[in-house]
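In: Need a 3D model of the following:
(one chain, ligands or ions: 1)
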Amino acid sequence: MTGGDRYLQIADLHKQSLPYGFLSSLKTETLAAIYRALDCSRGCVVIIKYDQNGLAGFVAGSITRKAQIRALLSHAFSIGSKLIIDPALYQKLGKMFAVARHLGVASDLKQGLPAAELISIAVSLECRGQGIGKVLYNDLVSWFEHRGVSQFHIRVGGALQNAQHFYESLGAMLVPEIKIGINDETLIFMHGDSHTN
Ligand SMILES: CC(C)(COP(=O)(O)OP(=O)(O)OC[C@H]1O[C@@H](n2cnc3c(N)ncnc32)[C@H](O)[C@@H]1OP(=O)(O)O)[C@@H](O)C(=O)NCCC(=O)NCCS
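Out: Below is the predicted model:
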């Protein structure tokens with residue numbers, strides 16, 4: 001499989017598993033370019049699991065929001081050339097700025113959240129309930145620990161109750177006092193001892 005195919009598969013799985021977020025409104029090629037950028041950049045990672053049928057799941061994380069932005073900027077040409085022809089960009093540009101305002105670095109720091117983040121995780125429908133999500137999550141925890149990071153945060157849609165149970169079962173805790181997002185619909189979970197660094 002070529003590298004390009006791998007990121008297209010990840011983008012497909014992201015769109016199937018998380019259909020309501022802004023990223024899923026982008027074209028598959030655009031999202032694939034974003035995952036490639038994250039995977040190829042220092043401070044960011046995409047961990048992938050395969051089974052005999054192909055892609056079973058993935059998790060993406062970053063040590064800081066700056067590392068995410070650096071990743072996107074260093075691949076700006078490839079992402080930008082796809083965004084230009086992506087109609088979702090124009091439809092959602094206003095919303096994207098609103099989301100960026102709400103989810104920006106400043107609000108993270110103000111609220112005392114750790115800078116590290118689990119950006120996204122998904123397991124294919126056929127492979128769910130077999131412990132693959134848990135393995136991916138723990139691999140990301142190890143990846144962070146090898147880089148001296150013991151705490152990270154996770155943004156979870158308020159409607160994603162299965163995902164909330166999943167994170168709780170792995171020891172992440174809801175940070176109830178933090179509300180972010182356009183309608184306060186995004187919950188924050190924290191992995192690690194406390195939500196103050
Ligand atoms: C959330 C997700 C990654 C879990 O992957 P998975 O491989 O099915 O999870 P695992 O089999 O490793 O389950 C680990 C634990 O999580 C909990 N869990 C997993 N799926 C759950 C569900 N649907 N409902 C409640 N708890 C669940 C269980 O406690 C489970 O432990 P157990 O099997 O010992 O009881 C997967 O369901 C998925 O891709 N969902 C769609 C994408 C998504 O919501 N991502 C999170 C975005 S913030």
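
In: Check which helix or strand residue 129 maps to.
Out: Here residue 129, judged by DSSP states H and E, is contained in no helix and no strand.

In: Would you list the phi and psi of it?
Out: Backbone torsions for residue 129, taken as degrees, to the nearest 10, come to phi 80, psi 20.

In: quick one: it from residue 168, how far?
Out: Plainly put, residue 129 is 16 Å away from residue 168 if you go by Cβ to Cβ, to the nearest Å. All C-beta atoms are positioned from the backbone trio N, CA, C, and that covers glycine.

In: who's more crowded, those two?
Out: residue 168 (12 against 9; other Cβ atoms under 10 Å).

In: for that one, helix, strand, or coil?
Out: helix (DSSP: H, G, I helix; E, B strand; the rest coil).

In: Contacts only, for the closest residue to the ligand within the chain.
Out: Using Cβ to the nearest ligand atom, the closest approach of the chain to the ligand is made by residue 133 at 2.4 Å. By Cβ atoms under 8 Å, 6 or more residues apart in numbering, the contact list for residue 133 reads 57, 121, 123, 166.

In: Name whatever forms a beta bridge with the first one.
Out: Read that as residue 57. residue 49, residue 123 (DSSP bridges).

In: my guess is it meets residue 125, correct?
Out: No. Using Cβ atoms under 8 Å, residue 57 makes no contact with residue 125, being 10.5 Å away.

In: Give me the more crowded residue out of the two.
Out: residue 57 (23 against 10).

In: now the residue lying farthest from the centre of the chain: how far from residue 11?
Out: In the chain, residue 52 marks the outermost C-alpha relative to the chain mean, sitting 25.0 Å out by Cα atoms, centre = their mean. Applying Cβ to Cβ, the value for residue 52 to residue 11 is 22 Å.

In: Many thanks, have a good one.
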